[in-house]
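*Asks:* any chance you could fold what I've pasted below:
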Amino acid sequence: MMTLTQEIVGYTGRSFRHDLDERWSMAYAASLNDMSARYFDNADEKQVATHPVFPVCVEWPALVECLRDNNIDMRNTVHATHDLHLEAALRPGMALHTSATVIGVEQRKPGIYLGWRIDTTDADGGLVSRTYQGNLFLRATLEGPAHWIEDMPRVNETTGPLTALDVPIEVAANLGHIYTECARIWNPIHSDLATARAAGLREPLLHGTASLALATSAIVNELLDGEPACVKRISGRFSSMVFMPSSLHLKTCRERSRICFSLCNEAGSEVISAGRIEVRE
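*Replies:* Numbers count the residues shown, from 1 in each chain. Predicted coordinates:
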């Protein structure tokens, strides 16, 4: 059984540089089967857009190094919460620099809940995106009390009812492999049967960020006129696992400058709950 102490709080890893080029930007959108021309049409020197959830791609190495530096086995990790703040539009040609800071730990019933703040800046040091991410380390024990140096941002509760959005989201049997390679997020639990079985799963499960990106694509294309640059915040809780293949569906509610949503599986259970997309006014 893994144990942690509050000494991990305040850890900040080194900065990772990534060059956001058209190939990576296009591949990420294609892995989601989001073939909007905004992500692909670069004819006549047009500037293509980058998917709003793309920051997860450049955040991954910083998270992996954090776990490795603190002797934490990622196989016991469950992505629990995600709150992405987009401060500037992403576009190919940008040099991005990303670092992760552990901002808190606390004991919860399933294990330790660990919170990160992950910052991505441009070549001039301007903030491009900031993510507050929470992970559960199952069956892990925290030695000592909870400790936070920064609070996770609050997310307002939904006030209106959610209604079904008539856009089925099909998760193909090979999506774990495709998303892994296109996002460049390598965790074998999403594509390797032996690793999944060793972790106590019957088969590989889809990345939580892939589910979040699929929901975001559907909302952008159906409710936001297909304009990814208008998205300024995406958040939600990962409530249950998504196996492949499967069919997902969205429930949404528009409240002025935000869209509340839940993403559900075939049985009607939420795989993403308390979902929010905030829109630039």
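
*Asks:* what's across from the nearest residue to Pro161 once chain neighbours are set aside in the sheet?
*Replies:* Counting by C-beta to C-beta, 6 or more residues apart in numbering, Cys253 is the residue found nearest to Pro161 once chain neighbours are left out, at 6.4 Å. Bear in mind the C-beta positions are built from the backbone N, C-alpha and C, glycine included. On the basis of DSSP bridges, Cys253 is bridged to Cys260.

*Asks:* mind listing what Cys253 touches?
*Replies:* Cys253 sits next to 158, 160-163, 259-261 when contact means C-beta atoms under 8 Å, 6 or more residues apart in numbering.

*Asks:* and the chain, what are its domains?
*Replies:* By the assignment in automatic domain parsing, the chain contains the domains 3-148, 163-279.

*Asks:* and the nearest residue in space to Leu142 that is not next to it in sequence, how far from Ser257?
*Replies:* Sequence neighbours aside, Gln107 is the residue nearest to Leu142 in space, at 4.3 Å (criterion: C-beta to C-beta, 6+ apart). Gln107 is 36 Å from Ser257, where distance means C-beta to C-beta, to the nearest Å.

*Asks:* host element of the residue positioned nearest the centre of the chain?
*Replies:* Nearest to the centroid of the C-alpha atoms of the chain, with distances taken as C-alpha atoms, centre = their mean, sits Thr209, at 3.5 Å. Using DSSP states H and E, Thr209 maps to helix 208-223.

*Asks:* have a look at Gln107 and Ser257 and say which one is more surrounded.
*Replies:* Gln107 (16 against 13; other C-beta atoms under 10 Å).

*Asks:* who's in contact with the more buried one?
*Replies:* Applying C-beta under 8 Å, 6+ apart, the residues near Gln107 are 113, 141-142, 146.

*Asks:* once you drop chain neighbours, what's closest to the residue nearest to the centre of the chain?
*Replies:* Leaving aside its chain neighbours, Thr209 sits nearest to Val56 (4.3 Å; criterion: C-beta to C-beta, 6+ apart).

*Asks:* my read is that neighbour is in a strand, agree?
*Replies:* No - counting by DSSP: H, G, I helix; E, B strand; the rest coil, Val56 is located in no strand; its state is helix.

*Asks:* that one: how many residues sit nearby?
*Replies:* Counted by other C-beta under 10 Å, the residues lying close to Val56 total 25.

*Asks:* could you do Pro110 as well?
*Replies:* Pro110: 13 neighbours (other C-beta under 10 Å).

*Asks:* can you check Gly144 too?
*Replies:* 11.

*Asks:* for it, what are its contacts?
*Replies:* Contacts of Gly144 by C-beta under 8 Å, 6+ apart are 5-6.

*Asks:* got it, and His79?
*Replies:* Per C-beta under 8 Å, 6+ apart, neighbours of His79: 133, 135, 207-209, 238.

*Asks:* then Gly104?
*Replies:* When contacts are counted by C-beta under 8 Å, 6+ apart, Gly104 touches 9, 114-115, 146-150, 152.

*Asks:* quick one: which of those has the most company?
*Replies:* Neighbour counts for those (other C-beta under 10 Å) peak at Leu114, which has 26 neighbours.

*Asks:* show me where the stretch 51-200 of the chain has strands.
*Replies:* 77-86, 94-108, 111-121, 127-138, 141-143, 147-148, 163-171 (DSSP state E, counting those that start in this stretch).

*Asks:* among these, which is the most enclosed?
*Replies:* Highest mean neighbour count of those: strand 111-121, a mean of 22 (counted as mean count of other C-beta atoms under 10 Å).

*Asks:* related to what we said a few turns ago, the residue nearest to the centre of the chain and Gln6, how far apart?
*Replies:* Taking C-beta to C-beta, one finds Thr209 at 27 Å from Gln6.

*Asks:* before we move on, what about Glu227?
*Replies:* 43 Å.

*Asks:* who's more crowded, the two?
*Replies:* Gln6 (18 against 14).
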